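>>> fold the following and give me the result.
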Amino acid sequence: MRKVLILSLAAILSLALAASAGQYPARQIAITVPAAPGGASDMTTRIFTSQMEKLLGVPFIVTNRPGASCSIGMEYVKNRAPDGYNLCYIPVESVMIRALGLTDLSSDDFDFFARAMTIPAALTVRKEAPWNTLDEFLAYAKANPGAVKTGNSGTGSIWHIAASAIEEATGIKLTHVPFEGGAPAVAALMGGNIDAVTVSPSEVQAGVDSGAFKVLAVLGEKRSGVVPDVKTALELGYDIKVLGWGAFAAPKGTPPEILSILEKAAAAAIDSDEVKKFFKERGFDHAYLDAAAMSAFAKAQLAFYDEAIPKLGIASK
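Have a look, this model is predicted:
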């Protein structure tokens, strides 16, 4: 026991000396996923950290801390020391939860060093639906306010906001039907219990491939690799753009020299063949942004949702 203690103290001293000498990273890095295992956030973080370990030469320990629209995990990281050893996967919810009244936390509480991917919303209906184009869908919804039941992944979720953005841009009125996630909403569409969903292309891919679904429009910046023949709403003349995204950040106040190391490694990791292949297989869009561009993007997103969410009447305060 005494020998082990001495060795442990020696190891600690060695790491401390390395850190004081400006060597980063000098030990393992913890990264929090503020969502449950198995989802897009978790899978993206694990493929990303598998590459970061190779590039930085230290282990990455991934811990899932889900709950409260991702605010529990993000709050945990916000309160860690800004030393580069506690990082966080930051999802789109980071720019939404403040406006939803769930917490005072926001994307402003972090120093971003990269964005990895985006996931656009897609307006999807059953094959037998009477609408074959976005224009036909909108014309029907405008003539029949509230008649179209549209499923989402929960009240206040990004996919709820996607349907609301369609309403805001076109003047139609939909009936929003919340589910505990995108998969149950898709199942309800398959069963004919609702008329449409506004979830990601990857979540409806199986139904599209089987011929059960048709996607009327993708609400992203560009077409989705899952349904490359489907035009974006922007291409169709509608200023509607709603997408989920995933980025990586450290607590606010992390030293610039550490952020620079993380930024350079993240750029290489996200550009790796392994990560690109993973994104393609999962229907995510490879959408790297560096630290400065991601910070500007987050600020713009925060301002957008601070304005958009109150219009939905779903904030808790």
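>>> which residues touch the helix or strand hosting residue 197?
Following DSSP states H and E, the helix or strand that holds residue 197 is strand 196-199. With contacts defined as CB atoms under 8 Å, 6 or more residues apart in numbering, strand 196-199 is touched by 121-125, 129, 137, 148-153, 159-160, 162-163, 166, 174, 182, 185-186, 188-189, 203-204, 219, 242. Placement of C-beta: from N, CA and C, glycine included.
>>> over to stretch 213-232?
Stretch 213-232 has contacts (CB under 8 Å, 6+ apart) with 118, 120-127, 129, 131-134, 137, 162, 165-166, 189-190, 198, 201-202, 204-205, 207-208, 233-236, 238, 240-243, 280, 283, 285.
>>> how about that stretch: buried residues?
For stretch 213-232, a neighbour-count test (16 or more other CB atoms under 10 Å) marks 213-220, 223-227, 230-232 as buried.
>>> surely residue 239 forms part of a strand?
No. Going by DSSP: H, G, I helix; E, B strand; the rest coil, the assignment for residue 239 is coil, not a strand.
>>> give me the distance between it and residue 55.
39 Å (CB to CB, to the nearest Å).
>>> equivalent analysis for residue 223, please.
Counting by CB to CB - residue 223 and residue 55 are separated by 31 Å.
>>> and what of residue 155?
In terms of CB to CB, residue 155 sits 40 Å off from residue 55.
>>> circling back: any idea of the mean pLDDT in the strand holding residue 197?
Here strand 196-199 scores 95 as its mean pLDDT.
>>> ok, stretch 154-171 next?
88.
>>> now it, how far from the chain's geometric center?
16 Å (CA atoms, centre = their mean, to the nearest Å).
>>> list the buried residues for it?
154, 156-167, 170.
>>> ditto for stretch 303-313
304-305, 308-309, 312.
>>> let me see the domain layout of the protein.
28-118+244-312, 122-218 (automatic domain parsing).
>>> quick one, strands of this structure?
29-33, 60-64, 86-91, 110-120, 122-126, 149-152, 175-178, 196-199, 213-218, 243-251, 285-289 (DSSP state E).
>>> just say which of the ones you listed is most tucked in.
strand 196-199 (a mean of 30; mean count of other CB atoms under 10 Å).
>>> rewinding a little: out of the buried residues of stretch 213-232, which one has the weakest pLDDT?
residue 225 (85).
>>> in contact with the nearest residue to residue 140 once chain neighbours are set aside, which residues?
Leaving aside its sequence neighbours, residue 140 sits nearest to residue 131 (CB to CB, 6 or more residues apart in numbering; 6.2 Å). Counting by CB under 8 Å, 6+ apart, residue 131 makes contact with 125, 137, 140, 216.
>>> ok, so of those, who is nearest residue 110?
residue 216 (35.6 Å; CB to CB).
>>> against residue 247, how distant is that closest one?
Going from residue 216 to residue 247 by CB to CB gives 29 Å.
>>> show me the contacts for residue 240.
Neighbours of residue 240 in contact, by CB under 8 Å, 6+ apart: 165-166, 169-170, 217, 219, 233-234.
>>> read off the pLDDT value for residue 308.
For residue 308, the pLDDT comes out at 80.
>>> ditto for residue 73
pLDDT, read off for residue 73, is 94.
>>> ok, the nearest residue to it once chain neighbours are set aside - contacts?
The shortest distance from residue 73 to any non-neighbouring residue, by CB to CB, 6+ apart, is to residue 34 (2.7 Å). By CB under 8 Å, 6+ apart, the contact list for residue 34 reads 41, 65-67, 70-74, 88-89, 91, 93.
>>> which of those residues lies closest to residue 28?
residue 88 (15.6 Å).
>>> tell me what the closest one is bridged to.
residue 32, residue 249 (DSSP bridges).
>>> how close does it sit to residue 78?
8 Å.
>>> okay, and the common contacts of the two?
residue 110.
>>> what number of residues lie near residue 98?
By other CB atoms under 10 Å, the residues close to residue 98 number 21.
>>> that one reaches residue 105, doesn't it?
Yes. Taking contacts as CB atoms under 8 Å, residue 98 lies within contact range of residue 105: 6.7 Å.
>>> ok, residue 65 to residue 36 distance?
10 Å.
>>> and the helices in the stretch 51-200 of the chain?
For the stretch 51-200 of the chain, the helices defined by DSSP state H, counting those that start in this stretch occupy 71-78, 134-143, 158-170, 182-190.
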